[in-house]
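**Q** just to be clear, the model below is a prediction. Sequence and coordinates:
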Amino acid sequence: MALQFSIQPASAHDYCGFERWLSVAQTWSGYDELCITADSTGTADEVVVQFGEASGEVWKSWTPVSALGAGEYCLPLSTSTFSWADWSVQQNGRIDLGAIDYYGIYVHGAQGAQGVLYVEQLRVVER
């Protein structure tokens, strides 16, 4: 997938990306990492990866764009890597991998940042 982006003025618009809502919640229980093969051109600062639980809690992680392009990078599915999104519902404050109903990938940058985010693969893995 190629996502062409242009970051608009004001902090409420400093992200651009996509979300995929799953028709049936998936269980990521037993998996240790969320791995992404991606690259970016342009002037974005970070890539934000997030996933949501059927309960409404959302977890997100920031990765510098400079970390992309060297093949697959993997994010441990833990609170050491993913933090609770303060705008999401708060249920129990811990990651529950038993009912994941969406994921999203965004670029973050200063006003006027633009470019293309290429996402080849997103998968959960057991280590």
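**A** Yes, it's here. Residues are numbered from 1 along each chain as shown.

**Q** how about Asp39, secondary structure?
**A** The three-state label given to Asp39 by DSSP: H, G, I helix; E, B strand; the rest coil is strand.

**Q** how about it: what's its closest non-neighbour residue?
**A** Nearest non-adjacent residue to Asp39, counting by CB to CB, 6 or more residues apart in numbering: Gly69, 4.2 Å away. (C-beta placed from N, C-alpha, C; glycine too.)

**Q** check contacts around that neighbour.
**A** Listed by CB atoms under 8 Å, 6 or more residues apart in numbering, the contact set of Gly69 reads 38-40.

**Q** which of the residues you listed count as buried?
**A** 38, 40 (16 or more other CB atoms under 10 Å).

**Q** switch the contacts of Gly69 over to a markdown table; also include pLDDT and distance to Gln111.
**A** Below are those laid out as a markdown table (pLDDT from 0 to 100; distance: CB to CB, whole Å):
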| residue | pLDDT | distance to Gln111 |
| --- | --- | --- |
| Ala38 | 89 | 23 |
| Asp39 | 88 | 23 |
| Ser40 | 87 | 17 |
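
**Q** in a markdown table, list the contacts of Gly69 along with distance to Gly93.
**A** A markdown table is the format used below for these (distance: CB to CB, whole Å):
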| residue | distance to Gly93 |
| --- | --- |
| Ala38 | 29 |
| Asp39 | 34 |
| Ser40 | 32 |
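
**Q** and which of the contacts of Gly69 is nearest Ser83?
**A** The closest of these to Ser83 turns out to be Ala38 (CB to CB; 20.1 Å).
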